[in-house]
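Visitor: below is the structure, and that's it, no one-letter string:
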């Protein structure tokens, strides 16, 4: 997959909150016990007796205007190919400025003292593979691809369906979209 503008699309109508994405991420990235780069959120909408639950698989939103990158004093937080926001552990001092700046609460301090977060499994994407979370989703809730390619699945889904982003008021221009 060539580097354009990577994005993830989450179909909230299909997610059953099974946590396969969370477990696949932990295994793929060898994360320490008690830490994760993605998580599940359930929101209930409506009023009784007409209620609707929405499940969302959430992670770093790999923002086009990433406030975490601007807040990082060492340059450890940066934007790589495809617009993927990364952290270089050797440059990170663990100051947590990026954590405070993130509107999605998507970063955490590792036991080793550097900040970590979702990478869209860029190591896999560069090999032509999908992120680990996408490959294991039993309901095909997660979709990943290049928004700059109008024929990509993510680009077509955003044309064909209604969608939203979390915290649009932040001005961060997130690249994780939720189909509604």
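Guide: That came in fine, so what should we check first? Note that this is a predicted model, so its numbers are computed, not measured.
Visitor: how about the helices in this protein?
Guide: With DSSP state H, the ranges of helices along the chain come out as 20-28, 67-71, 97-101, 122-125, 132-136, 153-160.
Visitor: and the strands in this structure?
Guide: Here the chain has its strands, by DSSP state E, at 6-11, 38-47, 50-59, 77-79, 85-87, 108-109, 115-116, 142-146, 163-164, 176-179.
Visitor: in TSV, list the helices of the chain along with mean pLDDT and distance to residue 55.
Guide: (C-beta placed from N, C-alpha, C; glycine too.) Below are these laid out as TSV (pLDDT from 0 to 100; distance: least, Cβ to Cβ, whole Å):
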stretch	mean pLDDT	distance to residue 55
helix 20-28	95	11
helix 67-71	97	26
helix 97-101	97	25
helix 122-125	95	24
helix 132-136	97	14
helix 153-160	94	17
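Visitor: doesn't residue 170 make contact with residue 61?
Guide: No. At 9.3 Å, residue 61 and residue 170 do not qualify as touching, with contact defined as Cβ atoms under 8 Å.
Visitor: the more surrounded of those two?
Guide: Using other Cβ atoms under 10 Å, the more surrounded residue of residue 61 and residue 170 is residue 61, with 25 against 17.
Visitor: contacting residues around the closest residue to the more buried one other than its chain neighbours?
Guide: Using Cβ to Cβ, 6 or more residues apart in numbering and skipping residues adjacent in sequence, the residue nearest residue 61 is residue 174, 3.4 Å away. Residue 174 sits next to 61, 62, 63, 64, 104, 165, 166, 167, 168 when contact means Cβ atoms under 8 Å, 6 or more residues apart in numbering.
Visitor: can you tell me which of those residues are buried?
Guide: Among the contacts of residue 174, those classed as buried by 16 or more other Cβ atoms under 10 Å are 61, 62, 63, 64, 104, 166.
Visitor: would you mind giving those residues as TSV with distance to residue 38 and pLDDT added?
Guide: Listed next are the buried ones among the contacts of residue 174 as TSV, based on distance: Cβ to Cβ, whole Å; pLDDT from 0 to 100:
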residue	distance to residue 38	pLDDT
61	11	95
62	12	96
63	16	96
64	20	95
104	11	95
166	13	93
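Visitor: and which of those is nearest residue 50?
Guide: Using Cβ to Cβ, residue 166 is the member of the buried ones among the contacts of residue 174 that lies nearest residue 50, at 24.0 Å.
Visitor: mind listing what the closest one touches?
Guide: By Cβ under 8 Å, 6+ apart, residue 166 lies in contact with 58, 61, 103, 104, 174, 176, 178.
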